[in-house]
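Q: Show me the folded form of this:
(chains A and B)
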Amino acid sequence: METVKIHDTTPNDLPWKIVYDASRCTLCGSCVAACSFRAIEAKVERRRTVFSTGDQPDPRTGFSAVPVIKQVNSLQNYCRGCGICEKVCPNDAIRPVRNPDTRHPIVTRCTAGDAIKRGGRKNLTGSLRTLDQLRVGRISQMTDPSLDAQRHSFDMLAPFGRILPAGELPLQLNEQGQLFSTGQAPPVNWIYPVIIGDMSIGALSWRMWEGIAMAVAYLNEECGLPVRMSSGEGGVPVRLLKSRFLKYLILQIASGHFGWNRIVKAMPHMQEDPAGVLIKIGQGAKPGDGGLLQAQKVADHIMAIRGVPKTDLLSPPNHQGLYSIEESVQKMFLSFNAAFKFRVPVAIKVAASATSVSVFNNLVRDPYNIVGGFFLDGIDGGTAAAHEVSLDHTGHPVVSKLRDCYLAAVQQGRQGQIPLWCGGGLGKTGDLAADAFKMICLGANGVFTGKLILQMAGCVGNDQGRCNACNTGLCPAGITTQNPALVHRLDPERVAENIVNYFLAMDQEFKKLMAPIGNSSLPVGRADALVAVHKPVADRLHIQYVC
Amino acid sequence: MCRIGAIKSKHYIHPCKALQLMQSQQKGHDNSGFAMVMQDLGGLFAGYKDLPTLSMACTDEGLKIAEDILHEAGFRRVLQWVPETYPSDDLDIIAMPNYVFETFSYPRSYNKASTREKEELLLDMRLKMRRALEPDEQGFVYSFWPDVATLKEIGDPRDIGTFFNLWQEDGKFTAKVITAQCRQNTNYDIVRYAAHPFFLQGYTALANGENTFYQKNKEIQARLHRGYIGFESDSQCFLYSLHYVHRQLGWPLPYFKHVITPLPFDDLQKRPDAQQLLAIRQSLANLEINGPNTIIGVLPDNTLFTCCDAKKLRPVVVGRTDDTVAISSEVCGLNEILPERDWSTDLYPHEREIVMITDQLEVVQWKQ
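A: Just a heads-up that it's a prediction; the model follows:
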């Protein structure tokens, strides 16, 4: 009998347990080969068997060495519950099961003396989502007929760029009573109200990034949906920078400025302007924290694009050169506007925060008209890598903050001048059209989404702690890894196909939401179209309470 | 159905024509009011075209409050006409004690003032009177403007006509442009201010339908101009957008159509003036309308026009003779007052059109 060693790690301590049925296992080895975390291994067990060999029953006992699949009892190679073993097993012999008694959050901290890092979204399951307590409740009937989602035409585009009040437009009347332009107005691009958001080519595998880029090109050129994707902070392949497809891309810059050396050098060779520039100040999933690309994901092509050695790439928590909003306008907005000769709109992305309205108000007063969008990212947003404590406990829900910003603009009569875009957990239930539509009614011009795009591509992670290993470089779906063997699991064309199909479905669903309220263009700020089934939510968002 | 109508003539016409135009379209139980704006006045007011006329319904106390405000500001009354009324228990009307049409001369200090300055003064005075009369509903100031008279009342339009003896044609109370509406809105409280036509600084608008971008329109308009108040009805938004585009921005009428029902992005890009139209669409996105609507409007120069929502979800027809043009929600209205017209020249404007009737009664059909 062994002595009890209480500090040994056992499956009981880990978040997932492997359930294995030796009687079904054919020992093909697929599961062990497929587990990117090395969380299972082939082992030999000593088994007692009772057998009889003669014509008559003559039971005897014996011991034999039997090959089996065992869970690895390790805090490094622990099972993430991704379920790839189950996916590849031809005989349903193995699967991970959630361990409600896990001691992992404690044991890991005790052992490593370091903060837990992971990818994914906030994993704390709280109360019902706010957006699920809202309904599109003002249905057109009788006096104002609803529209027909199939037969009527809809005009569903959203602005990206600074919009001048009508009185300040550089327009004059000629003698024929026609308006003509007398100067340059800030650039505004009208795009699809869902931007594929902010996932860098370092965070994503090259196949995943390629799949998204293909989907965006297809949506634009074959489906007529002007969808844009944001590069995330991490640069863009030079070949894409010099291609005509650059027009579908919003270039992001964050505090690490990763990739911008190549972008600047490519500028003279660009055939097209990019769709926009997005200055990332903060991210909803980890507000106050910068990007975190761990060395294991810094592959050769990442080093080339970013011009860096293979090392942890940490973006500082803030832009080191900025200490005020006004200064950000003067330095960053002005320089990026000037870089593209004031032809490309420049927007800002901040994490939703108790201070968002102050920031927004300040930007609305920008006297140079160079702030082309305010992207507000809520706590439910996803990320490839962050400290778990940030993911779960820092941040601000986006719904009420978006509404606050919109109403702050209304209060000043300046709604729409800086387009409001929001994200952070939208589409978490799989239904982005409904979430986006409700946010638009509350005042958003459009939304951005990232994590959901990964899920379209085949991400097996979820918000109950499944997988969430985007930071490790071991993504079992080949999405957030640069390991060639894992990346090749992903078929970029299927990624593109899935994204395209999701957008086509979502486009129909938008129409199905717009038609009943009788609108053929986006109902930005039409909070009267919404009702809330929860009184505090209704009061907070200034919409009608129903029961 | 909500029904609207307008008549513009080379000759002065009596409101009984407007009543006839509207009454023939009446269906079912939708008899909740009658309202009209008369512009380019004849009869008693013909000699006072440059002086502002106050149109109000009020109590005795309300009348005193309003007159005191005007006297204090230096206005002097030059004409008062109180229409004779014929109350009866049989009539379906919620009448106010007094209906007053009074014309005033401007304060002396405005002798050398520009037209624009006078117009701002008139608006300020109307707003001041409206605010002063609001407590206890002492009165309703519908318009205070040169050459304009407004009447709004709650009840059965036929009975309202009888109460004011408007069925009886006479030469005292006439105008060359009359816009009228016969049903109080159904979506909001029935209050006198909520009845179309709405009037502001020479602009009149009335609508048949539902503006589903009411909240968007209202939220921006409330901050655009001090005269954009009330919002008792979603149709007021049309007036304020018209006033803003045409008067405040100084853009011609075609741009009003571009603002309220902008061309789809795809169509817009094909136009030579795409840059301007896109700029207008994005800067005035909050003035866009949605939902089914027909709008009739009058400009300060008495140009009459009509246009529809972008899906053409409400009817309207324009009919004409040599000396009169009428706009009506339904053709039966035209048949009633212009039976002799050539109906084959009737116009049914589509969703991208504005039909304008100039002061010379020229009918201009313009496509967006």
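Q: neighbours around the residue of the stretch 1-150 of chain A found nearest chain B, how many?
A: Across the stretch 1-150 of chain A, the shortest distance to chain B (CB to the nearest CB) belongs to A:D144, at 3.4 Å. For every residue, glycine as well, the C-beta is placed using N, CA and C. For A:D144, the count of nearby residues is 24 (other CB atoms under 10 Å in any protein chain shown).
Q: For it, give me its contacts.
A: A:G518, B:G209, B:E210, B:T212, B:G291, B:P292 (CB atoms under 8 Å, 6 or more residues apart in numbering or on different chains).
Q: and the two most separated of the residues you listed?
A: By the measure CB to CB, A:G518 and B:G209 form the most distant pair in the contacts of A:D144, at 10.3 Å.
Q: Now B:L51: closest residue in space that isn't a chain neighbour?
A: Counting by CB to CB, 6 or more residues apart in numbering or on different chains, B:L51 lies nearest to B:T103, which is 5.1 Å off, once chain neighbours are set aside.
Q: what pairs with the one you found across the strands?
A: On the basis of DSSP bridges, B:T103 is bridged to B:T53, B:L79.
Q: so what's the residue in chain A that chain B sits nearest to up against?
A: For chain A and chain B, the shortest gap (CB to the nearest CB) falls at A:G413, measuring 2.8 Å. Neighbouring residues of A:G413 by CB under 8 Å, 6+ apart: B:I220, B:A222, B:R223, B:L224.
Q: So which of the residues you listed belong to helices?
A: Members of the contacts of A:G413 lying in helices (criterion: DSSP state H): B:I220.
Q: Tell me the one among the contacts of A:G413 nearest to B:A66.
A: When those are compared against B:A66 (criterion: CB to CB), the nearest one is B:A222, at 24.8 Å.
Q: mind checking how far that closest one is from A:N318?
A: Distance, B:A222 to A:N318, by CB to CB, to the nearest Å: 38 Å.
Q: re earlier: who has more neighbours out of A:G518 and B:G209?
A: Taking neighbours as other CB under 10 Å, A:G518 and B:G209 compare with A:G518 leading, 28 against 25.
Q: contacting residues for the nearest residue to that one once chain neighbours are set aside?
A: Leaving aside its sequence neighbours, A:G518 sits nearest to A:S140 (CB to CB, 6+ apart; 3.6 Å). Residues in contact with A:S140 (CB under 8 Å, 6+ apart) are A:S146, A:L147, A:P516, A:I517, A:G518, B:E210, B:T212, B:G291.
Q: again with B:L263
A: For B:L263, the contact set (CB under 8 Å, 6+ apart) comprises B:R271, B:L277, B:R281, B:R352, B:Q368.
Q: Which residues of the stretch 101-250 of chain B lie near chain A?
A: With the criterion set to CB under 8 Å from any CB of the partner chain, the stretch 101-250 of chain B comes near chain A through B:186-187, B:209-210, B:212-216, B:219-220, B:222-224, B:244, B:248-250.
Q: Pull out the buried residues from these.
A: Among these, the ones that count as buried by 16 or more other CB atoms under 10 Å in any protein chain shown are B:G209, B:E210, B:T212, B:F213, B:Y214, B:Q215, B:K216, B:E219, B:I220, B:L224, B:Y244, B:L249.
Q: in what helix or strand does A:E509 lie?
A: Taking DSSP states H and E as the definition, one finds A:E509 inside helix A:492-514.
Q: Where does chain B get nearest to chain A, which residue?
A: B:R223 (2.8 Å).
Q: Name the SS class of the nearest residue to that residue once chain neighbours are set aside, please.
A: Leaving out its chain neighbours, the residue that sits closest to B:R223 by CB to CB, 6+ apart is A:G413, at 2.8 Å. With DSSP: H, G, I helix; E, B strand; the rest coil as the basis, the three-state label of A:G413 is coil.
Q: Kindly report the same for the one 4 residues further on.
A: Three-state call for A:Q417 (three-state DSSP): coil.
Q: pull the helix or strand with minimum mean pLDDT from the chain.
A: Went with chain A since none was named. Sorted by mean pLDDT, DSSP states H and E, the helices and strands of chain A end with helix A:325-328, the least confident at a mean of 81.
Q: Correction: the question concerned chain B.
A: The helix or strand with the lowest mean pLDDT-type score in chain B, counting by mean pLDDT, DSSP H and E, is helix B:157-163 (a mean of 91).
Q: Now do it: which elements does it pack against?
A: Under the contact criterion of 3 or more CB pairs under 8 Å, 6 or more residues apart in numbering or on different chains; DSSP states H and E, helix B:157-163 touches helix B:15-23, strand B:33-41.
Q: and the ones you listed as a markdown table, adding mean pLDDT, distance to A:L75 and mean neighbour count?
A: Shown next, in a markdown table, are the helices and strands packed on helix B:157-163 (pLDDT from 0 to 100; distance: least, CB to CB, whole Å; neighbours: other CB atoms under 10 Å in any protein chain shown):
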| stretch | mean pLDDT | distance to A:L75 | mean neighbour count |
| --- | --- | --- | --- |
| helix B:15-23 | 93 | 83 | 23 |
| strand B:33-41 | 94 | 78 | 27 |
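Q: In JSON lines: the ones you listed, plus distance to A:E2.
A: Output for the helices and strands packed on helix B:157-163, formatted as JSON lines (distance: least, CB to CB, whole Å):
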{"stretch": "helix B:15-23", "distance to A:E2": "99"}
{"stretch": "strand B:33-41", "distance to A:E2": "93"}
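Q: Save the ones you listed as TSV, and put in distance to chain A too.
A: Listed next are the helices and strands packed on helix B:157-163 as TSV, based on distance: least, CB to the nearest CB, whole Å:
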stretch	distance to chain A
helix B:15-23	19
strand B:33-41	16
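Q: Low-confidence ranges, chain B, go.
A: Along chain B, the model assigns pLDDT under 70 to residues B:1, B:30, B:184-189.
Q: Now do the helices in it.
A: B:15-23, B:60-72, B:115-133, B:157-163, B:214-221, B:236-243, B:253-260, B:265-269, B:274-283, B:331-337.
Q: for the stretch 51-200 of chain A, same thing?
A: Assigned helices in the stretch 51-200 of chain A, in chain order: A:84-88, A:104-112 (criterion: DSSP state H, counting those that start in this stretch).
Q: deepest of those, which one?
A: For the helices of the stretch 51-200 of chain A, average neighbour numbers computed from mean count of other CB atoms under 10 Å in any protein chain shown are highest in helix A:84-88, which has a mean of 18.
Q: Check which helices and strands that helix sits against.
A: Judged by 3+ CB pairs under 8 Å, 6+ apart, the packing partners of helix A:84-88 are helix A:30-34, strand A:94-98.
Q: Cool, thanks, signing off.
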